[in-house]
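Asker: Sequence first, then the predicted structure:
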Amino acid sequence: MSDRARVHRRLPSARARIALAAELLATAWLTGCSPDRTVGPGAELVGTLAPNAAHGASVAADSGPPLSLESLTPASFPTYDGSGQVAHPDIAFFPDGWRGQRYWAGITPYPNSNRAYENPSMFTSDDGAEWSVPAGLRNPVMRTRRGHLSDPDVVHNPRTKELWLYYRQAVFKRGRHAGDNFFLTRSVDGVRWSAPSLLATHSRRYVVSPTVVIGSDGKWRMWAVDAGAVGCSARASRVVARRSPDGVRWSAARIVRLGQPGYVAWHLDVQYIASRGEYWALIAAYAQGSGCGATDLFFATSRDGDSWTTYAAPVLAHGAVWQFSANVYRSSLIYDAERDAVTIWLTGARVTLAGEEQTAELRWSAAVARIGREALLARVNGPAPVRAASTDQAYLRQAATVNALP
């Protein structure tokens, strides 16, 4: 199966097309974020599908009262490949602006799961929903001939007054995954970027989604997900952490107590919430026995970055909204202490049927939503999701219909 995670099949009738789409939604077949093979079957849909909830009215990320997470505003990114399909956002927010912009985002294109375009790109925004390329920059920020570059993470270094961009290099040899490396590039203006510095290497292992923050003590911390030699279909993973005095020299990785019961962590993003003295994490995780093409998004908190409190219910389950009917992937957040509200930038995918042969493929996109902190905690303190049975044909037909499939 190709990197584009497609299933090619001639469909003789509309009924057959719906059946295939429903099957894909139920099993979530995907070459997830660059493994070298397709994984399946995945988890069934979770929750109640909200018809076209992603097409709500536009709302600036930092204005107005908090909304429910089912009221998503699509976030548009003019990607260098022209698709507008994106994954792996990380957002840096500057209330007074940095180089004239309040929001800076590191993100990668991911058109129909084609990993060839997975390279870190930078965008700016004044409202957090409509994004543009910084004047003078030509995306992507970095490229490689050895695989692809994913999972960008943006940090502002207050000492050097620079924007630092961390990312993962997935190395492939003869078409097979050979390991993951972490790199850093720096910029004084968001346009001119330094030559990359190699920070860590992981031979024959999937170590993904590096996320970096500066804590209250001024020390740098990095977390990542170690999914072993299997990667996207691993039956278990572990979150590992490193520390650094300067963001460049990093300690050896050690395991931290961060896991979602019944699920396998695949990607995460961590922010330090200074006003509350806490670390907050968003974790994209899939149910044990499935694969990374069917992730839900969970929330966790910590005082020290090592011991974490997790919550049974997801922030958003795949299938809860039309836009993310297949999965909810790596996402990013910021906290507004004055309004006691959280803004979340989500990415994920839905299944579409394309071309004359009605090929089923995943279409990736981003959205932004705001929710009050107490409402978020009430949401994630709810019961764990109940998974729909794959034999429930009425439910699967509903899934196909809400997903706008013919």
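Answerer: Done, it's in.
Asker: how long is stretch 108-123 end to end?
Answerer: End-to-end distance for stretch 108-123: 10 Å, by C-alpha to C-alpha, to the nearest Å.
Asker: What of stretch 326-346?
Answerer: 13 Å.
Asker: what is the mean pLDDT for that stretch?
Answerer: Mean per-residue pLDDT for stretch 326-346: 96.
Asker: likewise stretch 259-272?
Answerer: What stretch 259-272 shows for mean pLDDT is 97.
Asker: swap in stretch 285-297?
Answerer: 94.
Asker: Okay, buried residues for that stretch please.
Answerer: Within stretch 285-297, the residues that count as buried by 16 or more other C-beta atoms under 10 Å are 285, 286, 287, 290, 291, 292, 293, 294, 295, 296, 297. Heads up, the C-betas are built off the backbone N, CA and C, glycines and all.
Asker: and if you look at stretch 188-200?
Answerer: Residues of stretch 188-200 classed as buried: 190, 191, 193, 196, 199, 200 (neighbour count, 16+ other C-beta under 10 Å).
Asker: can you redo those residues as a markdown table with secondary structure, pLDDT and distance to residue 364?
Answerer: Compiled in a markdown table, the buried residues of stretch 188-200 are given as follows (DSSP: H, G, I helix; E, B strand; the rest coil; pLDDT from 0 to 100; distance: C-beta to C-beta, whole Å):
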| residue | secondary structure | pLDDT | distance to residue 364 |
| --- | --- | --- | --- |
| 190 | coil | 98 | 24 |
| 191 | coil | 98 | 26 |
| 193 | coil | 98 | 24 |
| 196 | coil | 98 | 25 |
| 199 | strand | 98 | 27 |
| 200 | strand | 98 | 27 |
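Asker: tell me the contacts of residue 368?
Answerer: Contacts for residue 368 were tallied using C-beta atoms under 8 Å, 6 or more residues apart in numbering; they are 59, 61, 72, 73, 75, 128, 129, 343, 344, 345, 346.
Asker: likewise residue 161?
Answerer: Contacts for residue 161 (C-beta under 8 Å, 6+ apart) come out as residue 188.
Asker: Show me the beta-bridge partners of residue 202.
Answerer: Counting by DSSP bridges, residue 202 is bridged to residue 180.
Asker: and the buried residues of stretch 188-200, which two are the farthest apart?
Answerer: 191 and 200 (26.7 Å; C-beta to C-beta).
Asker: I'd like the average pLDDT over stretch 92-106.
Answerer: 97.
Asker: So what would you say the end-to-end distance of stretch 336-343 is?
Answerer: Note: stretch 336-343 ends 8 Å apart using C-alpha to C-alpha.
Asker: tell me, how many neighbours does the residue nearest to residue 273 when sequence neighbours are not counted end up with?
Answerer: Computed as C-beta to C-beta, 6 or more residues apart in numbering, the closest residue to residue 273 that is not its neighbour in sequence is residue 335, at 5.0 Å. Residue 335 has 20 neighbours, counted by other C-beta atoms under 10 Å.
Asker: residues in contact with residue 335?
Answerer: 271, 273, 275, 276, 280, 341, 342, 343, 373 are the contacts of residue 335 under C-beta under 8 Å, 6+ apart.
Asker: Can you say which of those are buried?
Answerer: 271, 273, 280, 341, 342, 343, 373.
Asker: contacting residues for the first one?
Answerer: Residue 271 makes contact with 213, 279, 280, 281, 332, 333, 334, 335 under the criterion C-beta under 8 Å, 6+ apart.
Asker: Enumerate every residue touching the spatially most central residue of the chain.
Answerer: Nearest to the geometric centre of the chain sits residue 330, at 1.5 Å (C-alpha atoms, centre = their mean). Applying C-beta under 8 Å, 6+ apart, we find residue 330 in contact with 87, 88, 89, 151, 209, 267, 268, 269, 282, 284, 347.
Asker: same thing but at 6 Å, please
Answerer: 88, 267, 284 (C-beta atoms under 6 Å, 6 or more residues apart in numbering).
Asker: quick one: contacts of the helix or strand containing the last one?
Answerer: Residue 284 is part of strand 278-287, with elements assigned from DSSP states H and E. Strand 278-287 is contacted from outside by 43, 260, 263-273, 292, 294-295, 297-298, 300-302, 305, 329-331, 333, using C-beta under 6 Å, 6+ apart.
Asker: Might you list the low-confidence residue ranges for this protein?
Answerer: Scanning the chain for pLDDT under 70 picks out the ranges 1-68, 70, 386-406.
Asker: Could you dump the contacts of residue 368 into TSV and include distance to residue 252 and secondary structure?
Answerer: Compiled in TSV, those are given as follows (distance: C-beta to C-beta, whole Å; DSSP: H, G, I helix; E, B strand; the rest coil):
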residue	distance to residue 252	secondary structure
59	43	coil
61	37	coil
72	40	coil
73	41	strand
75	37	strand
128	36	coil
129	40	coil
343	34	strand
344	32	strand
345	31	strand
346	33	strand
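Asker: Please identify, among the residues you listed, the one with the most neighbours.
Answerer: Neighbour max across the contacts of residue 368 (other C-beta under 10 Å) = residue 346, 28 neighbours.
Asker: any chance you could map the helices in the stretch 251-400 of the chain?
Answerer: For the stretch 251-400 of the chain, helices defined by DSSP state H, counting those that start in this stretch occupy the ranges 373-380, 393-402.
Asker: picking up where we left off before, partners of the closest residue to the residue nearest to the centre of the chain other than its chain neighbours in the sheet?
Answerer: Nearest in space to residue 330, with sequence neighbours left out and distances taken as C-beta to C-beta, 6+ apart, is residue 267 at 3.8 Å. When bridges are called by DSSP bridges, residue 267 pairs up with residue 284.
Asker: isn't residue 267 right up against residue 207?
Answerer: No. Counting by C-beta atoms under 6 Å, no contact exists between residue 267 and residue 207, whose distance comes to 11.7 Å.
Asker: If you count neighbours, what's buried in stretch 372-387?
Answerer: Across stretch 372-387, burial judged by 16+ other C-beta under 10 Å covers 372, 373, 375, 376, 379, 380, 385.
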